[in-house]
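S.K.: Give the three-dimensional model of this entry:
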Amino acid sequence: MNQLSSINHQARNTRTAAEPDFLSAHVDHYYRERVEKTWQGGHIMHGRSPDENAVMLVSNDYLDLANHPDIRQAQIDTLDATDNTMVMSAVYLHGDSPQDDFENRMASWMAMESTLLCQSGYAANVGLIQSIGVKGTPVYIDMMAHASLWQGIQAAGLEAKPFRHNSTEHLAAMIKRNGPGIVVIDSVYSTNGSVAPVRKIVDVASKAGCVIIVDESHSLGTHGWQGSGMVAGLGLQDKVHFVTASLAKAFAGRAGLIACSDRLRQFIKYNAFPAIFSSALLPPDIAALSKTLDLIKAADEQRQRLFANTEYLRRNLDALGYNVEISKAQIIALEAGREQQTMVLRDALESRGVFGSVFCAPATATKRSLIRLSINAGITRDQLDHVIQVCRDIREEVDLANWPSTRRAQRNNTVDSLAA
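M.R.: The predicted structure follows:
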């Protein structure tokens with residue numbers, strides 16, 4: 001038997017290594033405490049399978065571009081034309097290349113000096129903070145910022161100093177107490193669709209001499225002139241040092257981006273671990289992203305539909321008693337609270353053909369799990385009306401009146417009434 005045949009024979013006789021006690025105990029704790037006790041033997045992420053008539057509100061493809069024929073054709077054409085694909089880290093890319101051309105186009109569109117293409121939005125954020133982090137630098141991060149930003153702080157060995165969500169006052173007080181550092185926010189927060197007061201936060205951070213990072217994963221393509229983002233739309237490029245984004249949202253691809261000065265781009269490219277130790281995107285990936293950029297620039301009508309769809313659904317859910325006031329973008333959160341209650345909500349929605357994304361720990365606090373509804377430009381009014389009718393019908397079944405988020409809204413309304 002030759003070596004290859006021997007390997008194939010072994011693969012057919014699958015075996016697993018015995019787990020050391022410390023690993024076994026760690027995994028057992030997960031199955032015992034979460035799967036068995038909290039989820040009653042099921043899994044919070046696994047409900048029903050959708051049928052062809054289900055209303056799917058789980059995708060981040062906000063402009064409904066993922067299946068556009070022009071994007072697929074760009075990939076096909078590139079595959080057909082490429083006969084010498086080089087699989088290597090992007091640090092070895094020099095001179096003209098499809099990636100270099102795309103990065104220049106993105107920079108021009110975002111009105112930034114330069115951009116750096118990354119393997120994912122997660123890699124962009126982790127690599128950025130890891131590479132620019134100077135020992136002892138405080139990092140002021142919004143409490144609801146994306147996990148990749150927190151991971152970047154940890155990778156850099158820096159101390160996170162979280163400030164209250166969207167609170168410029170708390171941020172200013174922390175900077176006054178601890179000195180200038182790095183300020184990190186999302187423009188649109190992926191958990192509940194809240195929108196940052198970007199201009200105010202940038203003003204506070206800029207006056208204090210801080211480095212500013214704005215993650216535009218959920219606003220690039222949807223906000224600003226031609227979808228060029230919130231920072232560009234507000235004209236803050238000369239104050240914001242870094243704009244990062246996942247290109248797996250409105251761009252419907254698999255990549256990430258860092259926009260910054262050319263000087264900082266060169267530094268990050270050769271110092272960020274994800275950039276150094278991961279392979280570059282392949283030509284078909286870049287061709288798809290480049291074609292998507294063309295489509296996004298011309299997608300004003302889709303952006304208008306997206307915002308109209310979002311406002312229609314948000315307004316009607318608010319009228320039904322759901323606490324969706326914080327959701328100001330194309331993400332609407334139904335915050336049921338404890339994970340057991342979120343599973344009840346999930347089952348009630350899915351049994352009636354409405355599918356959202358379950359968010360639970362570690363994506364949320366343990367007692368603030370939720371169902372996220374991601375709106376897109378392609379959803380029809382009939383589909384939205386179905387979602388609204390379902391949410392109307394299930395209010396008692398899911399015990400909406402006793403959700404913590406419902407009680408918070410009632411308390412806030414009482415305070416507002418007394419203040420008036």
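S.K.: who touches the residue lying closest to Ala280 once chain neighbours are set aside in this structure?
M.R.: Spatial nearest neighbour of Ala280, excluding adjacent residues (Cβ to Cβ, 6 or more residues apart in numbering): Ala90 at 3.7 Å. From N, CA and C alone the C-beta is placed, and that goes for glycine too. By Cβ atoms under 8 Å, 6 or more residues apart in numbering, the residues touching Ala90 are 99, 117, 269, 275, 279-281.
S.K.: Can you redo those as a markdown table, where the extra columns are distance to Gly136?
M.R.: Below are those laid out as a markdown table (distance: Cβ to Cβ, whole Å):
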| residue | distance to Gly136 |
| --- | --- |
| Gln99 | 35 |
| Leu117 | 31 |
| Lys269 | 25 |
| Ala275 | 24 |
| Ser279 | 33 |
| Ala280 | 33 |
| Leu281 | 35 |
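S.K.: Inside strands: which ones of those residues?
M.R.: Leu117 (DSSP state E).
S.K.: Next up, the contacts around His241.
M.R.: By Cβ under 8 Å, 6+ apart, His241 lies in contact with 211-213, 260-261, 264.
S.K.: and which of the residues you listed is nearest to Ser59?
M.R.: The nearest member of these to Ser59, counting by Cβ to Cβ, is Ile213 at 26.2 Å.
S.K.: which outside residues touch stretch 273-286?
M.R.: By Cβ under 8 Å, 6+ apart, stretch 273-286 touches 74-75, 78-79, 82, 85, 87-91, 93, 98-99, 102, 116-119, 123-124, 126-127, 130-131, 155, 253-255, 268-270.
S.K.: Point out where the protein drops to low pLDDT.
M.R.: Applying pLDDT under 70 to the chain picks out residues 1-12, 86, 88, 92, 95, 414-420.
S.K.: export the helix ranked longest in the chain as CSV, just CAs?
M.R.: Longest among the helix segments of the chain by residue count, using DSSP state H, is helix 300-319. This file holds the C-alpha atoms of helix 300-319, laid out as CSV (Å, rounded to 0.1, in the frame of the first residue of the first chain):
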residue,chain,number,x,y,z
ASP,A,300,-30.0,55.7,-4.4
GLU,A,301,-33.4,54.2,-5.2
GLN,A,302,-32.5,51.1,-3.2
ARG,A,303,-31.3,53.2,-0.3
GLN,A,304,-34.6,55.1,-0.3
ARG,A,305,-36.6,51.8,-0.3
LEU,A,306,-34.4,50.5,2.5
PHE,A,307,-35.1,53.4,4.8
ALA,A,308,-38.8,53.5,3.9
ASN,A,309,-39.1,49.8,4.6
THR,A,310,-37.3,50.2,7.9
GLU,A,311,-39.4,53.2,9.1
TYR,A,312,-42.6,51.5,8.1
LEU,A,313,-41.8,48.4,10.1
ARG,A,314,-40.4,50.3,13.1
ARG,A,315,-43.4,52.6,13.3
ASN,A,316,-45.9,49.7,13.2
LEU,A,317,-44.0,47.6,15.8
ASP,A,318,-43.8,50.6,18.1
ALA,A,319,-47.6,51.1,17.8
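S.K.: before we move on, back to that, neighbour-wise, which of the contacts of His241 leads?
M.R.: When neighbours are counted by other Cβ atoms under 10 Å, Ile213 leads the contacts of His241 with 27 neighbours.
S.K.: Report all helices and strands that the strand or helix carrying that residue contacts.
M.R.: In this assignment (DSSP states H and E), Ile213 forms part of strand 211-215. If contacts are counted by 3 or more Cβ pairs under 8 Å, 6 or more residues apart in numbering; DSSP states H and E, strand 211-215 sits against helix 121-132, strand 182-186, helix 198-207, strand 242-246.
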